[in-house]
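Novice: Here is my input; please provide its structure:
(one chain, ligands or ions: 1)
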Amino acid sequence: MLSLVKTGQRGQMVVLTPVQKQRQAKRLAEAVPTLAAAYSQALGRWVGDPVLRLVGVPFITECYRSPERQNELYAQGRTKAGLVVTYKRGGQSKHNQGPPTPAMDVAFLLADGSVSWSGLLLSKFARLMKYADARVVWGGDWPSFKDRPHFEVLTDSSGKGGDGHG
Ligand SMILES: [Zn+2]
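Specialist: I've put the predicted structure just below:
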């Protein structure tokens, strides 16, 4: 199935630029320790896989999100153009907690330089995340609004519940 995705030229691994790496370190630092640790472990397994690492590398697109930005996303598909990407208003999403924040969104940087939200790649990464820590919840497992880029850990106060923003 992975042959659907082009691998890097000359079989080289996809690597982030120094600026991208810096941004990743900052976003990872926003996450609660359990989620950050699970991500680091899953990332390590991903780049340790001879096939997956040639396809692309996962990166965190967002961790903490301000309530203002959450409200902008909530407006999308309602009072603004676009598809509905969230059912949470500002302050209701796990992305709005912290930092430390118990949620993060993941995408992939592919060998050709493009960004992918491939459901196949995300489900593969989700397996690694859940393997790293059983407390990790993947938005792709939610029955109604599947939010495949989304990962979160259950926190004592918040209980279970979807975030859903895409
Ligand atoms: Zn999310």
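
Novice: which strands and helices sit next to the host helix or strand of Thr61?
Specialist: Assigned by DSSP states H and E, Thr61 belongs to strand 56-62. Strand 56-62 makes packing contacts with helix 18-30, helix 33-47, strand 103-110, helix 119-132 when contacts are defined by 3 or more Cβ pairs under 8 Å, 6 or more residues apart in numbering; DSSP states H and E. Every C-beta, even on glycine, is put in place using the N, C-alpha and C of the backbone.

Novice: out of those, which comes closest to the ion?
Specialist: strand 103-110 (4.3 Å; Cβ to the ion).

Novice: Run through the residues of this protein sitting next to the ion.
Specialist: Asp105, His150 (Cβ under 5 Å from the ion).

Novice: Which one of the residues in the chain is closest to the ion?
Specialist: His150 (3.4 Å).

Novice: Tell me if I'm right that that residue and Ala103 touch.
Specialist: Yes: using Cβ atoms under 8 Å, His150 makes contact with Ala103 at a distance of 6.7 Å.

Novice: Flag the shaky bits of the protein, pLDDT-wise.
Specialist: 1-11, 156-166 (pLDDT under 70).
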